[in-house]
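Asks: let's see this in three dimensions:
(4 chains)
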4 protein chains.
Amino acid sequence: MTLHLDDLRVRHLGECHHDSPLADLVADKKTSPHYVSEGDRVLLDDTVSMLDRRGMAPGDLPSFEAAGPRRKIYFDPAEVTAGIVTCGGLCPGLNDVIRGLVQELTVQYDVKRILGFRNGFRGLTARHRHDTVDLTPDVVRDIHKSGGTILGSSRGGQDVEEMVDTLVLRGVNVLFVVGGDGGMNAATNLAAAIRSRGLDIAVIGVPKTIDNDLPYTDQSFGFQSAFAQAANFISSVSIEASASPDGIGIVKLMGRHSGFIACYASLARNAADVVLIPEVPFRLEGPDGLLARVERHVREKGFVVIVVAEGAGQDLLAERGLLQGGATDASGNAKLGDIGLLLREIISAHLTEVGLSPTVRYIDPSYAIRSVTANAYDSVYCLRLAHNAVHAAMAGRTETAVVRWRRRFVHVPMPLIISHRNQVDPDGDLWMSVQEATGGLVAPSDGRKLERPGVPERPGAGVVAG
Amino acid sequence: MTLHLDDLRVRHLGECHHDSPLADLVADKKTSPHYVSEGDRVLLDDTVSMLDRRGMAPGDLPSFEAAGPRRKIYFDPAEVTAGIVTCGGLCPGLNDVIRGLVQELTVQYDVKRILGFRNGFRGLTARHRHDTVDLTPDVVRDIHKSGGTILGSSRGGQDVEEMVDTLVLRGVNVLFVVGGDGGMNAATNLAAAIRSRGLDIAVIGVPKTIDNDLPYTDQSFGFQSAFAQAANFISSVSIEASASPDGIGIVKLMGRHSGFIACYASLARNAADVVLIPEVPFRLEGPDGLLARVERHVREKGFVVIVVAEGAGQDLLAERGLLQGGATDASGNAKLGDIGLLLREIISAHLTEVGLSPTVRYIDPSYAIRSVTANAYDSVYCLRLAHNAVHAAMAGRTETAVVRWRRRFVHVPMPLIISHRNQVDPDGDLWMSVQEATGGLVAPSDGRKLERPGVPERPGAGVVAG
Amino acid sequence: MTLHLDDLRVRHLGECHHDSPLADLVADKKTSPHYVSEGDRVLLDDTVSMLDRRGMAPGDLPSFEAAGPRRKIYFDPAEVTAGIVTCGGLCPGLNDVIRGLVQELTVQYDVKRILGFRNGFRGLTARHRHDTVDLTPDVVRDIHKSGGTILGSSRGGQDVEEMVDTLVLRGVNVLFVVGGDGGMNAATNLAAAIRSRGLDIAVIGVPKTIDNDLPYTDQSFGFQSAFAQAANFISSVSIEASASPDGIGIVKLMGRHSGFIACYASLARNAADVVLIPEVPFRLEGPDGLLARVERHVREKGFVVIVVAEGAGQDLLAERGLLQGGATDASGNAKLGDIGLLLREIISAHLTEVGLSPTVRYIDPSYAIRSVTANAYDSVYCLRLAHNAVHAAMAGRTETAVVRWRRRFVHVPMPLIISHRNQVDPDGDLWMSVQEATGGLVAPSDGRKLERPGVPERPGAGVVAG
Amino acid sequence: MTLHLDDLRVRHLGECHHDSPLADLVADKKTSPHYVSEGDRVLLDDTVSMLDRRGMAPGDLPSFEAAGPRRKIYFDPAEVTAGIVTCGGLCPGLNDVIRGLVQELTVQYDVKRILGFRNGFRGLTARHRHDTVDLTPDVVRDIHKSGGTILGSSRGGQDVEEMVDTLVLRGVNVLFVVGGDGGMNAATNLAAAIRSRGLDIAVIGVPKTIDNDLPYTDQSFGFQSAFAQAANFISSVSIEASASPDGIGIVKLMGRHSGFIACYASLARNAADVVLIPEVPFRLEGPDGLLARVERHVREKGFVVIVVAEGAGQDLLAERGLLQGGATDASGNAKLGDIGLLLREIISAHLTEVGLSPTVRYIDPSYAIRSVTANAYDSVYCLRLAHNAVHAAMAGRTETAVVRWRRRFVHVPMPLIISHRNQVDPDGDLWMSVQEATGGLVAPSDGRKLERPGVPERPGAGVVAG
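Replies: A predicted model of the protein is given here:
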């Protein structure tokens, strides 16, 4: 018998005449990388050569170059000096990536010399360029058992020409940059300077973001380890809140522009009653406002647990003059106001006013999340990402980031990685799951009618095929 | 500036004139669901409607129906009695799935009556059909904090007509079957019997397999939790082996036909020196045989760690008359010989013979792996899988399994799920990663030239598009 | 051969003529419950009857009544209605204690009716007295898998007569109070009111304190689970600090009057460079002041990790007008100023002033520590404590607390438990271990010459033997 | 008001006229280090100098020398070369002890040279004596994050004179032996040989036993970590057993002569229904035999969980000819028969015979228990034990073991440590707790009437004071 992929027993399909209680939830949703609509179909095959075999001519479909080892390589391993630098905030798996790079370079390619630069791009400045770590398989053998990065990290740019000088002086012809927005941006500039000097130095990016806000990436490394740990804190606050009469638990999680950690961590324990993320604006006042909802929940259940991403509700802070206009950190990110403290104060005041006796438990566990070791999945992921980064470098790629897309490792031009952000799609299936799991009391229902803050362009928009 | 997905800086590409030390590793590999070849490209978009927008006419490409809530549904929630049954061996996440089904049915669809049948399909027999659990949100609130399944499980089929009678007698019109090969097979037969009686009962499958051997599935639920725990045991045995002179550590892991757990768990700690899986045959004797390799490793490093999937080396057991020909367990699976004990004995004898004093540490931790709770990732996965199973049932699907493919939740006809197995592709990138990570000493190098045992047909083979 | 306990091979003893580098550390120390001096000896036997057998007449030595089951009991189990109430802040093991009480009462004594009062003593007020939970073995079976307390808790006293009325109205003749200072105090008052009304109601205390500040107690239940979790946060902050140039990590831990958690958590990871506790005052300025030491450490090692108990340095806050004079919380505890925030600000300012570029990582993880589940040890401890509390009640004790002293479970009169606090002895061996482990840079060396804050009377002081 | 330690409100005491349902449990129990009888009292103070102050003359009471730093020391630190060796089976905390020794020797005493011998006493043989590890604070900084021992271990004795030669040749004048029965015995012989040669080499023991079978020791280091991990396996087997109809779960735990791990691990999860230990013999047949009890439990609850220490039931194996008479392992321990496999077979056969369909889940997780890292408590304990071992060595003690007794660190003559074993006292309060927690179905009730296997002399017996 030949089986058909859609040989579904849907004999009842034509007879679906009941309105779904979820109809509103799916009303306006459109197909996107974050949502498959009713009626959509998902491809079985995902490589262009597979489509070709099916008689398609998919030559002009947007697609990525596959990562992996090549039969012929550009660099003679005997002449390679590799450099590794880690930049930006901590993220689970940094040591796993360093370890994977070193092991692949030495064991498979027999590269003899690998330098670890200290404290991010600061280690490539003239002042610090000689303070490097010699990285060998022995040095890195057990580093994955510790969180953080053995190389140290820092934020902020450095003089590009000075950094190129360092690479030349230290004889580095392959540089691996493990970093976020700032790091990838600096790496792009560095690669451009290298190119303009006509130097033969490859720059390969291993993009890092604990917020999962990278485009063209299934899930960034360390993300699962991070949200697993975040979920533990939601449990803690939930236990605290539920043990006090009129208990209010608030957890502020990472997520400057993207609420992925807040969403996944909330789903993982299913203990959150309200989830607030930057992508979905909300009001405080009014019958559908946050305060009314929180009050209702406390009156009904005796307590409430609120998960808020640090970038949520910045408009509310701005209204109250609680934002430092124009202030930025060393990576150039706008300084956020503290939404957690604002919620603590406002909710506490409101509930007291309406006659309740709230006990508020507020925690901001970011440092204790960023610094965990990679879990087993992320450990495998980092190892394989590192392998593929080495293959890319040895095969002559440069200004290239190595990522995973639809479970395949691929090469993405570095500028694309910083072209826009991955965000939780308010019309996507993740946010829908959050809404389902929290029983509706997720974000004020009119939130979606408010103007959305800076939605970035979607992946693929502005991208021209091949 | 418009960015291009393949705007890679590969100016060196034409000049790749060095042979890669990994050239042999990639020599004969072909594009497959498990491997993207050099030169392949990976699609940016994966839904048919997205391709349509690009001007393609992908109507006849193999694809799956998207899962998710529908605007119109088939069943009137007020008239639904749902049943849930869990079958086969334990797997992390079973309680999460039960919990997700109950919460979605009650909170979102307002279904009032949900019966949990006990101990797998045994609970649908005449003798046990009245011994059910009433499942409510209160009952399931904390069950995800325990491994296993609160409903119990069992292997083995039951009389189909008797089971249909049970559904009718208990008024069940939507049945969720969480189970593996055996369970999906029985569910398919049950659905056929329902159809032949003209009954209006939907049967929805949530496929379960700790071995990750399901086709059309990114990774089965519970798999990450399982291999994470398996990795802990590899660490244990590695610590034991390395603390003894001539220490031999052997861990036997699950994997009757598919060595995924062995591969991922080995990569997660990077502590295994030899990985043996059913898909890659190996010899014991000869210069490239397992014994010579193990001996070499012990002489060089002082110890060796071997990870073996339970289904590996069955040919070696057969040669020695250690297989019970034709014996099967209650699920109809052929009884395996114990490869772990054979290796322990043979390796110990060989090393003693060549003058070493081996101390062997052997563990078979399967029960301690299957029974762990779902980690945060699997917890989210199970919840969303359960949500989608409920949507499928309410929308009138039947004989349908709900799975995730390329990170999308989709509907797959139940018979397809049991049409063949997902296996580690000896030409795929996972096995390549294992070979890279273990420094080559993974499986005897001539292994791939031995005849492979029962390679199942590949996904998509024999499948005709819509 | 008869062995002697002091048959030590100390033939060199008379020849000890080298000054120990640790001589200063032990210079003025005296024997106490927290320190055994050079020349002291530790008794082999610890019960009075054992001493009797040795020919001693220890009848007038201070000693405790042994806990445990009695052959004859006071209450007829068939007529017992037990009540359970949990008070004060959360602590790991509360649910284990509740579970142990319920299981022992029902399984061993066949008590039929057990009421759980909600939210501490608030649940015994007239307004809330009917909102109780019926506690059965089924209800409590899995509660130890969650932190917190299923009964809820609260701070603050309630009207004593109203509470006695509740006990009478609900028919309770055995009340178990699991609580801290406040709870034991209220229980003592409650017992006095019961006595003065001539009622036959037993009040048994299971003292709880996450700070380990109970006298007459080896270590309070939950303490090990708490400091284990606290140690994880020290690791987090250490990873953060060491990954930044001039990184400063500060963890504020629980410990209003007693720095046990800070000390043990610091020893557990050995990652703290400075440990500040309420019992040992310190200066900020001067060559031996905290700022100079922190600066020195950063210059030498590149970073520093500071662990501070919440009650440390209150004198520094007072000097700066940062204490709310006389303010107290609902339990009557004086409100503390925030030493963590003060240190963050002052250290950051100082290091910036001297030309460093500090990156400060500050966390206050108290809620995430208090809410963890009990570890295996505490789980056993809580179970056995609960068993002994039930035995005490059934045997007719009242106003009695059940604790563990020198690894024996004993009965202590309730007023004694609140007579003074257990503190880290600056002359004891624990603080000496902290000083050894942190290489001297623990607290400013002149700290001990500063006046000590409110050292409580020592255990046994003011106690007259039986 | 002066408080009295026994100012207990026991006004009801004289009126205790109900028989306790637990009367049988306490009927014949006598005061011992493991039990305080009804009427016993526990001393408040535990040092001899404290008793002196009370006007007692306790000079001839059995007691231990206190451990800790001395003002004057025997060795000149500048002339010390320390050696460290770890022997016998793995135990959590070995690396913590090594780390503590190295840190204390270098940081506090400024000892410059510390040698780690490899693989136990094998490393002191002529053949291996030059293969040592130089131990420095840098080398040991992170070793506590891994289980096992970085030095390796081995069982079995070596030639004593050869070992003394090694110490002389390598210039070692202080040797730390971390080991169990075998190791302490060998260390005692080594010290005797050193003494007879008139050499000035101190031998200090840090006794290690995962079974907690050391006398004069509160709980041996690593024990808490071990039973915590063991408890996880009991949970696993409990989850497996409870998920199968007629499920039988059997966990075999360590415990050759002492069932402490079985008892504590069973109490920690309270999931065991039957606990079998070497100290309490049991019958298989008869109405009170194990088989009848297991059958009864399965019929009532649907499953049963059995925890068995490896040394239990050896008489049953002997009856069946399943013991290798006289066989011993390299440490000289008698080889045990496999009680776990015997139980699996016999219980399975019996239940099948009586018409049940048992599914048996059997695990033997010893290697996965021994190899865990020390938990926070054990980590602190190991550190402080190591500190005290260093103090003992520097102060001129030799042939001395450092242990903790009644929460004090003390010195014990090494021969005493191997004079007898600590065992679970069938009349002690630990076993009583196990009986209470498992609801009576712990061991066959007639077990205590069977002859007990080799009960060792009690601590203190044969010991003459001062």
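
Asks: residue numbers of the stretch 301-450 of chain A in contact with chain C?
Replies: By the rule CB under 8 Å from any CB of the partner chain, the part of the stretch 301-450 of chain A lying against chain C is A:R361, A:I363, A:D364, A:P365, A:Y367, A:A368, A:R370, A:S371, A:V372. (Each C-beta comes from the backbone N, C-alpha and C, glycine too.)

Asks: show the pLDDT at the second one.
Replies: Per-residue confidence at A:I363 stands at 95 (pLDDT).

Asks: who touches it in this structure?
Replies: Shown in contact with A:I363 (CB atoms under 8 Å, 6 or more residues apart in numbering or on different chains): A:F233, A:S236, A:V237, A:I250, A:V251, A:K252, C:D364, C:P365, C:Y367, C:A368.

Asks: and it, its phi and psi?
Replies: phi -140, psi 150 (degrees, to the nearest 10).

Asks: look up how far chain D lies from it.
Replies: For A:I363, the distance to chain D equals 21 Å [CB to the nearest CB, to the nearest Å].

Asks: for that residue, list each beta-bridge partner.
Replies: As for beta bridges, A:I363 partners with A:V251 under DSSP bridges.

Asks: about what we covered before: using JSON lines, lay out the contacts of A:I363 together with neighbour count and distance to A:S196.
Replies: Shown next, in JSON lines, are those (neighbours: other CB atoms under 10 Å in any protein chain shown; distance: CB to CB, whole Å):
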{"residue": "A:F233", "neighbour count": "26", "distance to A:S196": "47"}
{"residue": "A:S236", "neighbour count": "28", "distance to A:S196": "52"}
{"residue": "A:V237", "neighbour count": "27", "distance to A:S196": "52"}
{"residue": "A:I250", "neighbour count": "25", "distance to A:S196": "50"}
{"residue": "A:V251", "neighbour count": "30", "distance to A:S196": "47"}
{"residue": "A:K252", "neighbour count": "25", "distance to A:S196": "43"}
{"residue": "C:D364", "neighbour count": "21", "distance to A:S196": "49"}
{"residue": "C:P365", "neighbour count": "25", "distance to A:S196": "49"}
{"residue": "C:Y367", "neighbour count": "21", "distance to A:S196": "53"}
{"residue": "C:A368", "neighbour count": "26", "distance to A:S196": "50"}
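
Asks: hmm, back to that, between the residues of the stretch 301-450 of chain A next to chain C, which is closest to A:L351?
Replies: Distance to A:L351 across these (CB to CB) is lowest for A:R361, with 13.5 Å.

Asks: where does that closest one land in three-state SS?
Replies: strand (DSSP: H, G, I helix; E, B strand; the rest coil).

Asks: gap between it and D:L43?
Replies: Between A:R361 and D:L43 the distance is 42 Å, computed by CB to CB, to the nearest Å.

Asks: between these two, which is the more surrounded one?
Replies: Of the pair A:R361 and D:L43, A:R361 is the one with more neighbours under other CB atoms under 10 Å in any protein chain shown, namely 26 against 23.

Asks: so which helix or strand takes in the closest residue to A:Y264 other than its chain neighbours?
Replies: Counting by CB to CB, 6 or more residues apart in numbering or on different chains, A:Y264 lies nearest to A:F227, which is 4.1 Å off, once chain neighbours are set aside. Using DSSP states H and E, A:F227 maps to helix A:223-242.

Asks: pLDDT at the residue nearest to A:Y264, what is it?
Replies: On the pLDDT scale, A:F227 gets 98.

Asks: so what's it up against?
Replies: Contacts of A:F227 (CB under 8 Å, 6+ apart): A:F260, A:I261, A:Y264, A:A265, A:A268, B:A376, B:Y377.

Asks: hmm, back to that, just send the contacts of A:I363 back as JSON lines, with distance to A:Q423 too.
Replies: Conversion of those to JSON lines gives the following (distance: CB to CB, whole Å):
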{"residue": "A:F233", "distance to A:Q423": "23"}
{"residue": "A:S236", "distance to A:Q423": "27"}
{"residue": "A:V237", "distance to A:Q423": "25"}
{"residue": "A:I250", "distance to A:Q423": "23"}
{"residue": "A:V251", "distance to A:Q423": "20"}
{"residue": "A:K252", "distance to A:Q423": "18"}
{"residue": "C:D364", "distance to A:Q423": "30"}
{"residue": "C:P365", "distance to A:Q423": "29"}
{"residue": "C:Y367", "distance to A:Q423": "30"}
{"residue": "C:A368", "distance to A:Q423": "28"}
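
Asks: on that earlier part again, let's see if you can find the most crowded of the contacts of A:F227.
Replies: Within those, A:A265 tops the neighbour count with 31 neighbours, counted by other CB under 10 Å.

Asks: which SSE is that residue in?
Replies: helix A:260-269.

Asks: give me the mean pLDDT for that helix.
Replies: For helix A:260-269, the per-residue pLDDT averages 95.

Asks: past it, which element shows up next along the chain?
Replies: strand A:274-276.

Asks: name the helices or strands packed onto the helix or strand just after that following strand?
Replies: Per DSSP H and E, the first helix or strand lying C-terminal to strand A:274-276 is helix A:290-301. Applying 3 or more CB pairs under 8 Å, 6 or more residues apart in numbering or on different chains; DSSP states H and E, one finds that helix A:290-301 contacts strand A:274-276, strand A:303-309, helix A:339-353.

Asks: could you check the angle helix A:223-242 makes with helix A:290-301?
Replies: Computed by axes from the mean of the first three to the mean of the last three CA atoms, to 10 degrees, the angle separating helix A:290-301 from helix A:223-242 equals 60 degrees.

Asks: buried set for helix A:290-301?
Replies: Using 16 or more other CB atoms under 10 Å in any protein chain shown as the test for burial, helix A:290-301 gives A:L290, A:L291, A:A292, A:R293, A:V294, A:E295, A:H297, A:V298.

Asks: give me the neighbour count for the closest residue to the first one other than its chain neighbours.
Replies: To tie it back to what came earlier, the one meant is A:L290. Spatial nearest neighbour of A:L290, excluding adjacent residues (CB to CB, 6+ apart): A:L284 at 5.2 Å. Using other CB under 10 Å, A:L284 has 18 neighbouring residues.

Asks: how far away from the center of its chain is stretch A:214-229?
Replies: Centroid separation between stretch A:214-229 and its chain, computed with CA atoms, centre = their mean, to the nearest Å, is 5 Å.

Asks: domains for chain A, by residue range?
Replies: Split into domains by automatic domain parsing, chain A comes to A:66-219+A:374-417, A:223-324+A:331-371+A:425-449.

Asks: outside of stretch A:262-273 itself, list whatever touches it.
Replies: By CB under 8 Å, 6+ apart, the residues outside stretch A:262-273 that reach it are A:223, A:227-228, A:230-231, A:233-235, A:238, A:253, A:255, A:275-277, A:297, A:301, A:304-309, A:312, A:424, A:430-431, A:433-434, A:437-438, A:441, B:99, B:103, B:144, B:376-377, B:379-380, B:383-384.

Asks: to clarify, my last question referred to stretch A:165-177.
Replies: By CB under 8 Å, 6+ apart, the residues outside stretch A:165-177 that reach it are A:75, A:79-85, A:87, A:101, A:113, A:115, A:117, A:124-126, A:129, A:132, A:183-184, A:186-187, A:190, A:194, A:199-206, A:389, A:393-394.

Asks: A:Q423 - that's part of a helix, no?
Replies: No: A:Q423: not assigned to a helix; according to three-state DSSP it is coil.

Asks: count the residues that sit near it.
Replies: So A:Q423, with other CB under 10 Å, has 26 neighbours.

Asks: circling back to that earlier point, columns distance to B:S154 on top of the residues of the stretch 301-450 of chain A next to chain C, output as a markdown table?
Replies: Formatted as a markdown table, those follow (distance: CB to CB, whole Å):
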| residue | distance to B:S154 |
| --- | --- |
| A:R361 | 44 |
| A:I363 | 44 |
| A:D364 | 47 |
| A:P365 | 42 |
| A:Y367 | 47 |
| A:A368 | 43 |
| A:R370 | 45 |
| A:S371 | 44 |
| A:V372 | 39 |
